[in-house]
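# Got a predicted structure plus its sequence, pasted below:
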Amino acid sequence: MADLRFDPVSGTWVAIARNRNKRPMEFVSVPEIKEELRCPFCSGHEEATPQAIAAYDAQGNELTSQGLSQPWVVRVVPNKYPSLNEPDQVVDGGPYQTSSADGIQEVVVPSPRHVASFSELTQQEATVSLQACQERLRHLAQQTGVQHVMVFMNCGLVAGASLGHIHLQIIASPLSSPSLDRRASLNDQHLAEQGHPILRSLLDWEVQQQERVVEETKRFFVVCPFASQYPYQTWFLPKRLEVAWTDLDQVEREELGWLLRKYVGRLETLLDRPAYNILFHQPPTLASFRGGGYVELIPRLTRAAGYELGADIWVNPVPPELAAQQLRSSD
């Protein structure tokens, strides 16, 4: 059962995840060992993970249960060290609000090769990985009790990764946080007043200004947002903002995978391979989607200090206009 606790002072939910400290940690200060020999996500080591939920070939075809042993390009497995379920260790919260509802957590392995960054994926691997995330998110969002599903990637120790072989994670949560509800409420309010999602207004203004637009492709805009919380924070905004990213079609998936590979690579060149997070933003439930899904890339260059932690006002030492200019010129 999950041990979820609500802090009424800050309005924040906290998952007490005792089991997480048992995760294997490959980022250690010892002479480098060939991680391929022990990595649970590499081809040939499938027995090191829980049984696969799904697996896909190079064309994005899902392998049947009888064919899971066939060569795979992308593999989905349950998270062996989940954050949102624990073995019956829920404690009495007294005056605090708590929840024992379990979540569902899965891992999407985007390559049978030992790859350390999204930029190292092939175009095929990137596209099929996004397809797998879309299909699993749609499935999990329909499960009883699920209020929100989040897809994300942590790359590097500072970004929260414990294994060198990159992987996407999916968490289907039994609750929606106040932050998620606030985002949805702001979007709904803007939609009621203006007739379109808030991201549409922001994107239209950015396109007019052109200072923070990094690139426009046939189906996407790449933008460093006006109020960037982090240095070189980058948004990938589909031109079809009115649909959820889970409904992006094959061509859009291919373009998004290409853009993510491209700009992770640019950040690695510009900033000497920083740790980073990729976030696939969705509203609390797909059923309530009113526009506003997007993908975000955040290199982890700064840490929250006293003012950020105390006031929740963030200090960014790199203006987004400069970040956009440098990303444009770093071919």
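Structure received.
# Please make it C-alpha for all contacts and neighbour counts, starting now.
Will do.
# all strands of the stretch 1-150 of the chain, in order?
Ranges of strands within the stretch 1-150 of the chain are 4-7, 12-15, 54-56, 74-78, 98-99, 104-109, 148-155, based on DSSP state E, counting those that start in this stretch.
# Next, find the distance separating the nearest residue to Arg183 once chain neighbours are set aside from Arg212.
Nearest non-adjacent residue to Arg183, counting by Cα to Cα, 6 or more residues apart in numbering: Pro283, 7.7 Å away. Going from Pro283 to Arg212 by Cα to Cα, to the nearest Å gives 25 Å.
# and these two? which has more neighbours close in?
Using other Cα atoms under 10 Å, the more surrounded residue of Pro283 and Arg212 is Pro283, with 25 against 22.
# can I assume that one sits in a strand?
No. Read with DSSP: H, G, I helix; E, B strand; the rest coil, Pro283 is coil and lies in no strand.
# Quick check, it in contact with Met150.
No. Assessed by Cα atoms under 8 Å, Pro283 is found out of contact with Met150, at 9.2 Å.
# Assess the claim that Asp188 and Gly195 are in contact.
No. Taking Cα under 8 Å as the definition, Asp188 is not a contact partner of Gly195, at 9.5 Å.
# any low-confidence regions in the chain?
Scanning the chain for pLDDT under 70 picks out the ranges 1-37, 65-69, 84-94, 96-101, 286-292, 331.
# Now do the same contact list for Val76.
Neighbouring residues of Val76 by Cα atoms under 8 Å, 6 or more residues apart in numbering: Ala52, Ile53, Ala54, Ala55, Glu106, Val107, Val108, Val109, Ala132.
# roughly how far apart are it and Arg136?
Using Cα to Cα, we find Val76 at a distance of 9 Å from Arg136.
# Can you name the residues that contact the residue lying closest to Val77 once chain neighbours are set aside?
Nearest non-adjacent residue to Val77, counting by Cα to Cα, 6+ apart: Ala52, 4.5 Å away. Contact analysis of Ala52 by Cα under 8 Å, 6+ apart lists Leu68, Arg75, Val76, Val77, Pro78.
# distance of Ala52 from Trp258?
26 Å.
# in the stretch 201-331 of the chain, which spans are helices?
Assigned by DSSP state H, counting those that start in this stretch, the helices in the stretch 201-331 of the chain fall at 250-271, 306-311, 320-328.
# before we move on, back to that, adding distance to Leu297, write the contacts of Ala52 out as CSV.
As requested, the contacts of Ala52 are exported to CSV (distance: Cα to Cα, whole Å):
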residue, distance to Leu297
Leu68, 32
Arg75, 23
Val76, 22
Val77, 24
Pro78, 25
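# Tell me how many other residues surround Cys133.
23.
# quick one, what contacts it?
So Cys133 contacts Val108, Val151, Ile170 (Cα under 8 Å, 6+ apart).
# So the last one is in contact with Ser83, correct?
It stands for Ile170. No. Counting by Cα under 8 Å, Ile170 does not reach Ser83; the two are 11.2 Å apart.
# Spit out the residues that contact the two alike.
Gln105.
# Would you mind measuring from the residue most central in space within the chain to Arg113?
By Cα atoms, centre = their mean, the mean C-alpha position of the chain lies nearest to Phe152, the distance being 1.6 Å. As for Phe152, its distance to Arg113 is 20 Å (criterion: Cα to Cα).
# Great, nothing more from me.
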